[in-house]
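Trainee: Sequence first, predicted coordinates after that:
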Amino acid sequence: MEKVRKWALIGRLAAIVQKRQSGQPRLAFETDLAGRLGLSRGALRNYSDASRLVRDVPDPALRAVLFRSSAVAASIVGRWFRRDPDAVYRYLETALAGTPPRITDDRALLRAERNARQASPRSATSRISHMPADLGTQLAKILSSGDTHYWRPEIVTHLSRQGRLPAERQLLLFVPRDPLSDFLGVSQILIETHPGHVIDESSFALPRPTGPEIALGFIEIPERVTFERYRLESRQIWTRAIAAGLYLDLVVLVLPSSAARRHLLSSIPTTGAEWSHRPDASRPRRAGAPSCASRPVIARLPDPGAAIMVATRRSLLADLVKDDPRAARQARLRLQKP
């Protein structure tokens, strides 16, 4: 039998135990299991992540080599293989040693992976040029486009239920300065109303007086150190959104990434709201899998009838507006008919 390193057995054990205790938060699970194994929580997570990365490698021979190497080497090769499998095979042609063969020089591997990443045009710009703009900049794009953007049909359906969908519109964007908005974390309010309708400045503060306009409020959730923080803070985040829904027609939670959204939603019960396009938090998309068109994740509350959308910085514009204005306009008119 070929030798398998201890970290691989621990990482696999952690995955099996966590699957059987799926209801326990990852932070608490890792702390408890690491204490029983005599490891630090960071070491257990490194072993678990390395084991998962190796299991995702489709080549059985390469998996065997990585399980005989260190956890550091396995993690580096696992991530490198996702970006450029050919480069990994070229490097391993001269980097393996021992019987059976394994990676023995982690420092040389790290230097080779770093040089390959810096030489790749995609890796040099992916985290800079493709970073989504901040919330205010993205919302300003909707205003500057005028009538060329229309709400997604899912949003139109909800607003039509409230009977507050103007046939013609003007859009206004404001930063609320009132204490209640600051307490709830509402950083931007987007108002749709009839052209020429004069809105008092108090309409942009919470509580908002009843009027013909439609108000969308945005709560931006900052990036956390670990994804587990989104699970732990899901109750207070969701409570703030429900409270803001008392005064707004649609509350939009804007999270840093889709992974953060999955972790947040994993702790929010499905009961008590009518959900649209809620992702399965237990089945994250594997790296390398083709991405699909963004669909707005909306929870419609029965009382007072508001809705909460859970978006990300990257998906925000795609979740709010429709790319095809004609199709969106037809959906809007169809829903307005008695």
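Mentor: Arrived safely. Here the structure is a predicted model, which is why all the values come from computation and not from measurement.
Trainee: for the stretch 1-150 of the chain, what spans make up the strands?
Mentor: Taking DSSP state E, counting those that start in this stretch as the test, the strands found in the stretch 1-150 of the chain are 96-97, 102-103, 150-151.
Trainee: in the stretch 1-150 of the chain, which spans are helices?
Mentor: Counting by DSSP state H, counting those that start in this stretch, the stretch 1-150 of the chain has helices at residues 6-20, 26-37, 41-55, 60-68, 71-83, 85-95, 106-119, 121-129, 135-144.
Trainee: Residue 218: which of those helices is closest?
Mentor: Among the helices of the stretch 1-150 of the chain, the nearest to residue 218 by CB to CB is helix 135-144 (6.0 Å). (Glycine included, C-beta is placed from N, CA and C.)
Trainee: Please state the offset of that closest one from the chain centre?
Mentor: Offset of helix 135-144 from its chain centre (CA atoms, centre = their mean, to the nearest Å): 20 Å.
Trainee: which parts of that helix are buried?
Mentor: Using 16 or more other CB atoms under 10 Å as the burial criterion, the residues of helix 135-144 that qualify are 135, 138-139, 142.
Trainee: Return the list of helices and strands in contact with that helix.
Mentor: Applying 3 or more CB pairs under 8 Å, 6 or more residues apart in numbering; DSSP states H and E, we find helix 135-144 packed against strand 170-174, strand 186-193, strand 214-220, helix 316-320.
Trainee: could you redo the last one with a cut-off of 6 Å?
Mentor: Contacts defined by 3 or more CB pairs under 6 Å, 6 or more residues apart in numbering; DSSP states H and E place helix 135-144 against strand 170-174.
Trainee: pLDDT of whatever helix or strand comes next after the strand it packs on, averaged?
Mentor: As assigned by DSSP states H and E, the chain's next helix or strand after strand 170-174 is helix 179-184. Average pLDDT, helix 179-184: 90.
Trainee: Run through who's touching helix 179-184.
Mentor: The contact list for helix 179-184, computed with CB atoms under 6 Å, 6 or more residues apart in numbering, reads 206, 240, 243-244.
Trainee: So which of those residues wins on neighbours?
Mentor: residue 244 (26 neighbours; other CB atoms under 10 Å).
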